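K.L.:
Need coordinates for the below:
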Amino acid sequence: MASRYEFIDEMRLDTGNYAYSVEFMCSRLGVSRSGYHDWRSRPKSVTAQRREELKLLIRKAFDMSGSTYGHRRIQAQLRRWGVAAGVELVRRLMRELGLFPCLPRPKRFNLTQAAASQVPDLVGRDFATDAPGEKLVGSGSRRESHPPAPTEPCVTVSRYTALVTLLPR
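P.N.:
Predicted coordinates:
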């Protein structure tokens, strides 16, 4: 019954949003007008009052966190303040208030672009030579977990391990 009364209360004529009278809605929903007016004159229940107090505390904790705390952290903050509230209740009230945490995106580092911009191109991307031993050519195909052979020196270039092949003379 209370949900029907709440519906009538939201849709009544004097709110300005809808053009339905209380009498019309009561007759369509099958409730009495006196029951609706009696429901409106009742004081708020203890549960409704507690929820309103919790909404204020949730809003305060959410604003203090810089709009980053979710329902679990808000519930933990309420517990630190000595207010008992379940996680699901906090979640439901945050949805009613329209509070959604704004989580910062994690920083992502693209090592390929950073390494390409920091390492100088000493051979000018020209790997052809006239004689052996004039240019050193590196290969980044070997994994760091496998050590290079004794004849292949290992050179670390900005977080990448490159094998340098010495061209014979």
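
K.L.:
neighbours around Asp63, how many?
P.N.:
11 (other CB atoms under 10 Å). Quick note: C-beta positions are derived from backbone N, CA and C, even for glycine.

K.L.:
Over to the one 5 residues further on?
P.N.:
Other residues within reach of Thr68 by the criterion other CB under 10 Å amount to 11.

K.L.:
Not counting sequence-adjacent ones, nearest residue to it?
P.N.:
The shortest distance from Thr68 to any residue other than its chain neighbours is 5.4 Å, reached at Pro101 (CB to CB, 6 or more residues apart in numbering).

K.L.:
again with Phe100
P.N.:
Closest to Phe100 by CB to CB, 6+ apart is Met94, at 7.6 Å.

K.L.:
Ok, Arg59 next?
P.N.:
Leu97 is the one closest to Arg59 (CB to CB, 6+ apart), at 6.4 Å.

K.L.:
Distance check, that neighbour against Lys55.
P.N.:
Here the criterion is CB to CB, to the nearest Å. By it, Leu97 lies 6 Å from Lys55.

K.L.:
Repeat that for Gln75.
P.N.:
Gln75 is 14 Å from Lys55, by CB to CB.

K.L.:
ditto for Arg80
P.N.:
Distance from Arg80 to Lys55, counting by CB to CB: 18 Å.

K.L.:
Do you have the strands of this protein handy? List them.
P.N.:
Remark: strands assigned in the chain by DSSP state E are 137-139, 154-157, 160-165.

K.L.:
Can you tell me what sits against the top helix by length along the chain?
P.N.:
As assigned by DSSP state H, the longest helix anywhere in the chain is helix 46-64. Residues outside helix 46-64 that contact it (CB atoms under 8 Å, 6 or more residues apart in numbering) are 44, 69, 74, 77-78, 81, 83, 85, 89-90, 93-94, 96-97, 99.

K.L.:
Please pick the buried ones from those.
P.N.:
By neighbour count, with 16 or more other CB atoms under 10 Å, these hold 69, 74, 77-78, 83, 85, 89-90, 93-94, 99 as buried.

K.L.:
Reformat these as TSV; add pLDDT.
P.N.:
As requested, the buried ones among the contacts of helix 46-64 are exported to TSV (pLDDT from 0 to 100):
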residue	pLDDT
Tyr69	89
Ile74	94
Gln77	94
Leu78	95
Val83	93
Ala85	93
Leu89	94
Val90	94
Leu93	94
Met94	93
Leu99	91
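
K.L.:
Okay, domains of the chain per the record?
P.N.:
Following automatic domain parsing, one finds the domains of the chain at 2-41, 46-97, 111-165.

K.L.:
can you give me the end-to-end distance of the first one?
P.N.:
It stands for domain 2-41. 13 Å (CA to CA, to the nearest Å).
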